[in-house]
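Q: next comes the sequence, and after it the predicted model I'd like to discuss.
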Amino acid sequence: LSYDYVVIGGGTAGLAVASRLSEDTSVTVAVLEAGFDAEGLREVFVPGLIGSGIAFTTLDWAYKTVPQTNLNGRNLTVHAGKGLGGSSLINAMIFPRAGKEQYDAWGQLNNDSSWTWDNLLPFFKKSELFTPPNAFQNASGVRYEEAMHGFNVTEGRVKVGFPNYFFNQSALWRKAAEGLGFPASPDLANGDPHAVGIAPNTIDAANNTRCSAACAYLTPFGHRTNLLVVQNATVSRIIWADSTGGNLRAIGVEYLVNNQNSTIDVSKEVILSAGAIGSPKVLELSGVGNSTILNTAGVKPVLHLPTVGENFNDHVHSWANAFTNITLTKDVLQRNSSFADAQLLLWLRDRTGLYSAAPRSMGIAAPSDIFSRTQLNDLIEQAETNLMRFAEQFSNGNPNLTKGIAAQHRIALDLYKQDKSLPLEMNAEPGYSGPTSIGNRPGVNYTSINVVLYAPLSRGRTHIVSADPHAQPAVDPAYWAHPLDVAAQVGGINLARRMLTAPPLDTIYTGEFEPGEDKDSDAKIEEWLRSVVASDNHEVGSLAMMPRDLGGVVDTSLKVYGTANVRVADASIIPFTISAHTVSTIYMIGERAADIIRAARIESELFSSPNWLAPLQTAFFWLGRGLANWLV
Ligand SMILES: Cc1cc2nc3c(=O)[nH]c(=O)nc-3n(C[C@H](O)[C@H](O)[C@H](O)COP(=O)(O)OP(=O)(O)OC[C@H]3O[C@@H](n4cnc5c(N)ncnc54)[C@H](O)[C@@H]3O)c2cc1C
């Protein structure tokens with residue numbers, strides 16, 4: 001078997017890249033995916049069944065972290081989808097975008113303006129096919145800005161829309177947040193999310209079903225003869241050409257199906273899209289990484305690239321929840337099986353009711369929503385004083401990465417100072433959301449606020465510990481290793497408490513369950529949080545796009561340093577977590593990657609032909625490409 005492009009991982013970005021590349025019938029594309037096609041499962045396509053059935057077992061890598069020193073030594077689970085569509089198969093379908101300043105910061109860190117909000121927006125828009133809210137959704141409070149979305153029915157892929165059901169308490173919560181100073185958002189995907197509103201969802205408005213990367217980028221194009229998708233194929237390594245100096249060239253990929261080894265040859269490029277934990281794992285299994293770590297794991301080093309798997313960072317999640325006098329919450333679905341059955345029937349028949357919603361009213365908080373000016377100044381001053389100490393601590397003995405993390409922290413602290421950092425997401429859950437299992441909490445109705453830390457300064461790592469491709473890597477996000485992270489998350493719980501008791505949400509509040517009224521100081525909240533906070537499954541940064549002398553692993557054309565033809569397109573390349581759920585950004589990366597790869601091929605073909613017209617052709621090509629991007 002030989003293909004021009006081999007994509008490792010048929011997840012969110014992987015399917016986007018493969019699908020776009022295979023639009024060109026003159027090239028061949030193969031996708032190797034460890035999981036299977038799960039689009040037809042109810043727990044995948046019914047929005048309200050998120051997290052049920054096999055979503056968090058068979059369809060989940062469920063990576064375990066090493067004991068987290070700052071979280072009472074707990075081993076947390078980082079969920080990541082396994083199947084065609086990857087994490088977009090099992091995620092919560094929330095589809096906002098981060099603040100424009102965060103995308104601009106990537107560009108700033110990489111000295112490349114093509115990775116800034118204005119230049120990335122066309123790729124965000126290209127990835128989506130947006131259905132504006134209908135009259136019912138408008139009346140329920142949905143807002144959107146037309147200029148921010150993609151409506152091109154031939155080009156757009158991910159179906160984005162709004163649910164057919166809204167809980168009353170979500171509207172009360174939005175009003176409460178507005179009363180506390182959050183502006184009402186005209187659109188949570190407009191690059192200015194310091195506001196409160198209803199987030200768009202990856203939902204097909206025509207039938208109220210989830211639209212994963214498989215629905216968007218594969219199912220409609222599965223018939224293409226130049227696109228091969230191999231399911232249940234776990235990639236064990238990239239095969240390199242013998243090289244004496246120069247960049248490493250990938251010539252094939254080895255993978256296992258039912259423990260049987262196969263290989264596929266590659267004539268042009270390998271695209272690594274196995275996710276922020278899977279991609280560094282494959283690179284390390286292929287001999288690219290820190291030689292000491294590879295030798296210890298029993299893998300022969302081929303290229304010493306010591307920051308592979310470093311700079312790993314993730315959002316962390318916590319909750320405040322209260323008892324409520326409101327009679328209809330998601331809790332009722334769990335307690336009353338005949339009501340749940342009736343709701344499921346309602347969804348199957350009319351595509352409405354409680355199962356039609358992936359309900360998320362959300363607000364994004366700025367530092368000024370969480371801290372007093374004095375508190376914030378003190379925290380920033382401490383972080384600045386200790387900046388190099390933390391950069392060294394987080395960079396695992398790698399002097400270049402120390403500089404890279406220091407640069408990231410400077411940018412982050414600058415955003416904190418300008419009140420543009422957006423360190424927390426607050427989102428309202430119409431029911432119980434928290435760490436206590438159903439059997440261990442009072443069987444009543446709840447209203448909850450999820451508090452997600454969006455701007456962690458902590459950095460950890462993920463590395464292989466064995467040459468066995470089926471072995472899980474040692475994942476260490478080093479959650480809460482920086483004091484500013486701890487202070488922001490504690491501040492978030494205080495803000496959540498203020499929201500739960502602010503008018504008009506106070507009309508349904510009948511007392512706090514968690515953290516619990518006994519947690520009456522920041523110190524006590526912090527102690528409780530250390531025993532409960534969880535991953536929000538937005539892990540990024542393990543193959544960071546940064547200059548090589550700042551410890552980066554890929555350049556701004558997504559190519560792995562020291563290789564001739566291996567690029568990364570997935571969450572691994574995002575250098576620091578962003579102030580949003582990640583999936584819209586990952587689709588943007590997939591679109592951008594396909595564009596970069598296509599341009600590289602055309603350019604190399606033009607230049608390799610002995611044609612005096614080549615420079616002119618190249619000029620027309622770039623002009624045309626710019627025009628096409630401008631038009632979407
Ligand atoms: C439970 C959960 C809820 C989330 N909720 C939201 C949300 O509501 N909104 C949002 O924006 N984001 C959400 N996210 C995050 C978001 O979905 C992910 O950040 C994003 O989908 C990651 O895309 P990716 O392409 O980097 O990786 P993935 O989509 O995870 O794709 C990686 C693919 O590679 C495959 N793979 C891995 N290793 C190998 C190997 N060795 N060989 C072959 N294949 C391999 C995997 O099986 C997978 O299919 C959530 C994530 C989870 C897990």
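A: Nice, I can see it. Note that the coordinates shown come from a computational prediction; the quantities given were computed from them, not determined experimentally. Numbering: from 1, shown residues only.
Q: any weak-confidence spans in the stretch 251-400 of the chain?
A: For the stretch 251-400 of the chain, residues meeting the criterion pLDDT under 70 lie at 358-359.
Q: and the residue of the protein closest to the ligand?
A: G11 (1.8 Å; CB to the nearest ligand atom). No exception for glycine: its C-beta is placed from N, CA and C like everyone else's.
Q: ok, the nearest residue to that residue once chain neighbours are set aside - how many residues close by?
A: Once flanking residues are discounted, G11 sits nearest to G86: 2.0 Å by CB to CB, 6 or more residues apart in numbering. When neighbours are defined as other CB atoms under 10 Å, G86 has 34 of them.
Q: before we move on, the earlier item: what's near enough to touch the residue of the chain closest to the ligand?
A: Taking CB atoms under 8 Å, 6 or more residues apart in numbering, we find G11 in contact with 33, 81, 85-88, 213, 273-275, 570.
Q: mind listing the helices for the stretch 451-600 of the chain?
A: 483-500, 522-532, 583-608 (DSSP state H, counting those that start in this stretch).
Q: in TSV, list those helices along with mean neighbour count, mean pLDDT and distance to the ligand.
A: Supplementary listing: the helices of the stretch 451-600 of the chain in TSV, determined by neighbours: other CB atoms under 10 Å; pLDDT from 0 to 100; distance: least, CB to the nearest ligand atom, whole Å:
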stretch	mean neighbour count	mean pLDDT	distance to the ligand
helix 483-500	22	98	18
helix 522-532	16	98	17
helix 583-608	21	93	3
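Q: show me what the top strand by length along the chain is packed against.
A: Longest strand in the chain, counting residues (DSSP state E): strand 260-272. Contacts defined by 3 or more CB pairs under 8 Å, 6 or more residues apart in numbering; DSSP states H and E place strand 260-272 against strand 2-8, helix 12-21, strand 234-240, strand 250-257, helix 275-285, strand 566-568, helix 583-608.
Q: could you give the angle of that strand to helix 275-285?
A: Taking axes from the mean of the first three to the mean of the last three CA atoms, to 10 degrees, one finds that strand 260-272 is oriented at 120 degrees with respect to helix 275-285.
Q: can you check what angle separates strand 260-272 from helix 12-21?
A: Using the same axes, to 10 degrees: strand 260-272 against helix 12-21 is 80 degrees.
Q: about what we covered before: go back to the contacts of G11 and keep what's next to the ligand.
A: Applying CB under 6 Å from any ligand atom, the subset of the contacts of G11 adjacent to the ligand comprises 33, 81, 86-88, 273-275, 570.
Q: can I get the residues you listed in CSV including distance to T225?
A: Below are these laid out as CSV (distance: CB to CB, whole Å):
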residue, distance to T225
E33, 19
G81, 27
G86, 24
S87, 29
S88, 25
S273, 22
A274, 25
G275, 28
D570, 26
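Q: out of these, flag the one nearest to I597.
A: S273 (11.9 Å; CB to CB).
Q: about what we covered before: what's the closest of the helices of the stretch 451-600 of the chain to G252?
A: Across the helices of the stretch 451-600 of the chain, closest to G252 is helix 583-608 (CB to CB), at 18.1 Å.
Q: so how far is the closest one off the chain centroid?
A: Its chain's average C-alpha position is 20 Å from that of helix 583-608, according to CA atoms, centre = their mean, to the nearest Å.
Q: now swap in stretch 237-257 and tell me
A: 28 Å.
Q: before we move on, what about stretch 128-140?
A: 24 Å.
Q: also stretch 157-168?
A: On CA atoms, centre = their mean, the centre of stretch 157-168 falls 19 Å from that of its chain.
Q: cool, stretch 367-386 as well?
A: Remark: stretch 367-386 is offset 27 Å from the chain centroid, using CA atoms, centre = their mean.
Q: before we move on, the earlier item: can you pick out the most distant pair from the ones next to the ligand among the contacts of G11?
A: Taking CB to CB, the two most distant members of the ones next to the ligand among the contacts of G11 are S88 and A274; they sit 14.1 Å apart.
Q: tell me how many other residues surround A320.
A: Neighbours around A320, by other CB under 10 Å: 28.
Q: now it. Nearest residue, chain neighbours left out?
A: Leaving aside its sequence neighbours, A320 sits nearest to A496 (CB to CB, 6+ apart; 3.7 Å).
Q: separation between S286 and L248?
A: Look at S286 and L248: by CB to CB, to the nearest Å, they are 9 Å apart.
Q: more neighbours: these two, which one.
A: Higher neighbour count among S286 and L248: S286, with 28 against 21, using other CB under 10 Å.
Q: ok, that one touching I251?
A: No: S286 sits out of contact with I251 when judged by CB atoms under 8 Å, with a separation of 11.9 Å.
Q: shared neighbours of these two, anything?
A: If you check S286 and I251 against CB under 8 Å, 6+ apart, the residues they both contact are 239-240.
Q: distance to F339 added to the helices of the stretch 451-600 of the chain, as TSV?
A: Shown next, in TSV, are these (distance: least, CB to CB, whole Å):
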stretch	distance to F339
helix 483-500	25
helix 522-532	29
helix 583-608	31
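Q: looking at those, spot the one closest to K268.
A: Per CB to CB, nearest to K268 of the helices of the stretch 451-600 of the chain: helix 583-608, 6.7 Å.
Q: got the contact list for the residue nearest to A320?
A: A496 touches 319-320, 426, 449, 451, counting by CB under 8 Å, 6+ apart.
Q: what's the most distant pair in those?
A: W319 and M426 (10.6 Å).
Q: now list whatever residues contact both of those two.
A: By CB under 8 Å, 6+ apart, the residues touching both W319 and M426 are 449-451, 496.
Q: show me the two of the residues you listed that sit farthest apart.
A: Most distant of the shared contacts of W319 and M426, by CB to CB, are N450 and A496, 8.3 Å apart.
Q: between the two, which contacts overlap?
A: 319, 426.
Q: picking up where we left off before, so the residue nearest to G11 makes contact with A16?
A: No: counting by CB under 8 Å, G86 does not reach A16; the two are 10.4 Å apart.
Q: who touches both of the two?
A: Counting by CB under 8 Å, 6+ apart, the contacts common to G86 and A16 are A213.
Q: sorry, back to before: how about the helices and strands packed on strand 260-272 in CSV, adding distance to G309?
A: Compiled in CSV, the helices and strands packed on strand 260-272 are given as follows (distance: least, CB to CB, whole Å):
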stretch, distance to G309
strand 2-8, 16
helix 12-21, 18
strand 234-240, 15
strand 250-257, 19
helix 275-285, 4
strand 566-568, 12
helix 583-608, 19
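Q: looking at those, which is closest to P163?
A: That would be helix 583-608 among the helices and strands packed on strand 260-272, by CB to CB, at 16.5 Å.
Q: and that closest one, what does it pack onto?
A: helix 12-21, helix 117-127, strand 260-272, strand 566-568, helix 614-631.
Q: mind doing that once more with 7 Å?
A: helix 12-21, helix 117-127, strand 260-272, helix 614-631 (3 or more CB pairs under 7 Å, 6 or more residues apart in numbering; DSSP states H and E).
Q: which residues of the stretch 201-350 of the chain lie near the ligand?
A: Within reach of the ligand by CB under 6 Å from any ligand atom, the stretch 201-350 of the chain has these residues: 234-235, 273-276, 278, 282.
Q: distance to Q489 and neighbour count for those residues - can I get that in a markdown table?
A: Formatted as a markdown table, these follow (distance: CB to CB, whole Å; neighbours: other CB atoms under 10 Å):
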| residue | distance to Q489 | neighbour count |
| --- | --- | --- |
| T234 | 36 | 20 |
| V235 | 36 | 26 |
| S273 | 31 | 34 |
| A274 | 29 | 29 |
| G275 | 25 | 30 |
| A276 | 21 | 31 |
| G278 | 27 | 29 |
| V282 | 32 | 28 |
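Q: what's the burial count for the nearest residue to D265 once chain neighbours are set aside?
A: Leaving aside its chain neighbours, D265 sits nearest to S2 (3.9 Å; criterion: CB to CB, 6+ apart). The number of residues packed near S2 is 13, by other CB under 10 Å.
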